[in-house]
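Chemist: When you get a sec, could you give me coordinates for this:
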Amino acid sequence: MNIPGGLSADIFLRDYWQKKPLVIRKAFPGFTSPVSPDELAGLACEESVESRIVIETDNGKPWQLENGPFPPERFEALPESHWTLLVQGLDHWVPEVADILEAFRFVPNWRLDDVMASYAPVGGSVGPHFDQYDVFLLQAEGHRRWEFGGHCDQTSPRIEGTPLRILSRWQGEETVTLAPGDMLYLPPGIGHHGVATDDCITLSVGFRAPSVDDVLTGFTDFLCAHPETNNPLADPDLKCPDNPGAISPELIRKLGDVIARYTNDPLQLAYWFGQYATVPKSANILVAPDSPMSPDALLSEIEDGATLRWNEGSRFAYHEGDAETALFVDGERYLLRGEALGLAPVLCRGNRPDTVAMAGYLEDEALLGLITNLYNHGNLILE
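Modeler: Numbering: from 1, shown residues only. Take a look at the predicted model:
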C-alpha cells in the first residue's frame, strides 16, 4: 500500500510517522478544491458547523480569535488581508471531502480524526504554532508558504495578549511553497507557520490518539457502569489492628487484586476502546432518513444497483475475539458470531463497502436486519 504521492506506506510509517516532516509534491495530481471560499463562508454561518476566524492584528491586539457561527455580514467587514477562516470537520458535510480520507487508510480508522479547511487571502495565517497530533496539510487552492522544523513543547515561549498559542521565538528550519495537490506531513510537536501567498484553501487531515488520562478515566468509567461494581468491599477476615490509624499492607494487596480483577480483561478493554474510538465528533452528524426502510426494501434497492456508504463523519471499526467479532459503529457495539464474522472487515475497510463482498451476508435475515438498522439510524446511506 502507498501513501498519496506514491511512497510505500511501510517506508513512510518506518521513517517519517511521528519522526520527521515530509514534503510530498503532487500527492494528488490535478487536484481541485471540492469547496469554494464562498461555500466555506456559508458553512461558517451554520449553527451545527464549528468555525473560527483568526485575525493577525485587530485594533492593535495580536492574533485575535472569533468563534462561529457568523452572520453573513461579518465577512463583508473583514480586512482585505491577514486573516483566516477555519471550518472544522468539513468531511462531515461535504461527501467529496470525506472521500479524501480514503487515501489515508494506511493507518487504523480510529486514528483518523477529521478534515479542517483553512481559507486565507494574501498574508493570511494562524501564526507560528505546533500541534499535539499528526497532520497532513493538503493544498487545495492557491499557494501557501510553509516554514517548519524544530521540536516545540509546553515550555516553548508564546506571544501574550492572544487566546491562541502562538510561538514568540521560533525559527523554522525549512521553507516550501505548496501548490494545489502538494502536501506536507508534520509529526506532533513540530513548529510550523503557513502564510497564504494568494487566495488559498488548505485542507488539514488530522489524526488523533487518546491521552493516558482519556484511557484511564474512560476505561474505569466503562467498568463502573457494570452493576457489580456498586458492591462494597467485604472484609470478613478483619483482625484487630495494632494501631487503628495504620493502613495495612494486606489491605493494599486486596485493593490491588480488586483493580487487577477488573482491569486485566483484554476483552472488556477492547469493548470500551471500540466504542470510545468510534463515537462521532458531533451529535449532529447522525441523521436518520425521513422514512425508515424495511429489510426487503433495502435489499431491493441494492439489487437494483444502489450502493451503501458510510454517513459522512461516521466511524467504523472492529475487534476479532476468539469466538466472536465486535463491530463498532458510532459508539455502538454489535457482536457477530459464526458465518457473520466476516461481515465486520467488509464494512470497515472503507467508506464504500464492497457490494459484491456483502452480497452473501445480505442473504442472512439477521445480518440484513443489522444493515437495515444501521441505515435507519443514519450510520449508512444509499447512493
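
Chemist: Domain map for this structure?
Modeler: Split into domains by automatic domain parsing, the chain comes to 9-207, 212-264, 295-382.

Chemist: Share the number of residues neighbouring residue 136, please.
Modeler: By other CB atoms under 10 Å, 22 other residues sit near residue 136. All C-beta atoms are positioned from the backbone trio N, CA, C, and that covers glycine.

Chemist: OK, contacts around it?
Modeler: If you count contacts by CB atoms under 8 Å, 6 or more residues apart in numbering, residue 136 has them with 4, 104, 183-185, 204-205.

Chemist: Can you pick out the ones from these that are in strands?
Modeler: 183-185, 204-205 (DSSP state E).

Chemist: List just the nearest of these to residue 321.
Modeler: residue 205 (31.2 Å; CB to CB).

Chemist: shouldn't that closest one be in contact with residue 98?
Modeler: No: between residue 205 and residue 98 there is no contact under CB atoms under 8 Å: 11.3 Å.

Chemist: In TSV: the domains of the chain, plus distance to residue 285 and mean pLDDT.
Modeler: Output for the domains of the chain, formatted as TSV (distance: least, CB to CB, whole Å; pLDDT from 0 to 100):
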stretch	distance to residue 285	mean pLDDT
domain 9-207	5	96
domain 212-264	20	93
domain 295-382	4	95
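
Chemist: Format these as CSV; extra columns: distance to residue 276.
Modeler: Formatted as CSV, the entries for those read as follows, by distance: least, CB to CB, whole Å:
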stretch, distance to residue 276
domain 9-207, 9
domain 212-264, 5
domain 295-382, 8
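
Chemist: Now do stretch 57-71: everything it contacts.
Modeler: By CB under 8 Å, 6+ apart, the list of residues contacting stretch 57-71 from outside reads 41, 44-47, 49-56, 74, 82, 126-127, 159, 161-164, 166.

Chemist: Of the contacts of residue 136, which is the nearest to residue 318?
Modeler: In terms of CB to CB, no member of those lies closer to residue 318 than residue 104, at 18.5 Å.

Chemist: Count the neighbours of the closest one for me.
Modeler: Counted with other CB under 10 Å, residues neighbouring residue 104 total 17.

Chemist: need the helices for this protein, in chain order.
Modeler: Under the criterion DSSP state H, the chain contains helices at 9-15, 37-44, 73-76, 95-100, 212-224, 249-263, 266-277, 295-303, 343-348, 355-362, 365-376.

Chemist: Comparing those, which comes out most buried?
Modeler: By mean neighbour count, with neighbours taken as mean count of other CB atoms under 10 Å, helix 343-348 ranks first of the helices of the chain at a mean of 21.

Chemist: what sits against residue 338?
Modeler: Contacts of residue 338 by CB under 8 Å, 6+ apart: none found.

Chemist: just residue 193 next, same as before
Modeler: Residue 193 neighbours (CB under 8 Å, 6+ apart): 125, 127-129, 146-148, 170, 172.

Chemist: Those residues in strands, which ones?
Modeler: Per DSSP E, the contacts of residue 193 map to strands at 146-148.

Chemist: who are the neighbours in contact with the residue nearest to the spatial centre of the chain?
Modeler: Geometric centre of the chain, nearest residue: residue 113, 1.1 Å, by CA atoms, centre = their mean. By CB under 8 Å, 6+ apart, the residues touching residue 113 are 133, 206-208, 281.

Chemist: What of residue 154?
Modeler: Residue 154 neighbours (CB under 8 Å, 6+ apart): none.

Chemist: likewise the one 3 residues further on?
Modeler: With contacts taken as CB under 8 Å, 6+ apart, residue 157 has the following neighbours: 167-169.

Chemist: gap between residue 232 and residue 277?
Modeler: The gap separating residue 232 from residue 277 is 33 Å, by CB to CB, to the nearest Å.

Chemist: Also residue 355?
Modeler: Taken as CB to CB, the span from residue 355 to residue 277 is 26 Å.

Chemist: from the chain's centre, how far out does stretch 52-69 sit?
Modeler: Using CA atoms, centre = their mean, to the nearest Å, the distance from the centre of stretch 52-69 to the centre of the chain it belongs to is 26 Å.

Chemist: in that stretch, what counts as buried?
Modeler: Buried residues in stretch 52-69, defined by neighbour count with 16 or more other CB atoms under 10 Å: 52-56, 58, 62-64, 68.

Chemist: Same question for stretch 154-171.
Modeler: Per 16+ other CB under 10 Å, stretch 154-171 contains these buried residues: 156, 158, 162, 165-167, 170.

Chemist: which of the residues you listed lies closest to residue 291?
Modeler: Using CB to CB, the buried residues of stretch 154-171 come closest to residue 291 at residue 165, 47.1 Å.

Chemist: Could you double-check that that closest one lies in contact with residue 128?
Modeler: No: using CB under 8 Å, residue 165 is not in contact with residue 128, being 9.9 Å away.

Chemist: Now the terminal residues of stretch 374-383, how far apart.
Modeler: This stretch, stretch 374-383, spans 15 Å end to end (CA to CA, to the nearest Å).

Chemist: I meant stretch 274-284, not that one.
Modeler: One end of stretch 274-284 to the other measures 21 Å (CA to CA).

Chemist: before we move on, what about stretch 33-42?
Modeler: 16 Å.

Chemist: residues in contact with it?
Modeler: With CB under 8 Å, 6+ apart, stretch 33-42 has contacts from 43, 70, 72, 75, 85, 87, 90, 94, 96-97, 100, 117, 119, 140-141, 180, 199, 201, 203.

Chemist: Please repeat the previous calculation with a cut-off of 10 Å.
Modeler: 43, 49, 51, 70, 72, 74-75, 78, 85-87, 90-91, 93-100, 115, 117-121, 138-142, 180, 199-203 (CB atoms under 10 Å, 6 or more residues apart in numbering).

Chemist: Could you list which of the residues you listed belong to strands?
Modeler: In this view, the contacts of stretch 33-42 that belong to strands under DSSP E are 51, 85-87, 115, 117-120, 138-141, 200-203.
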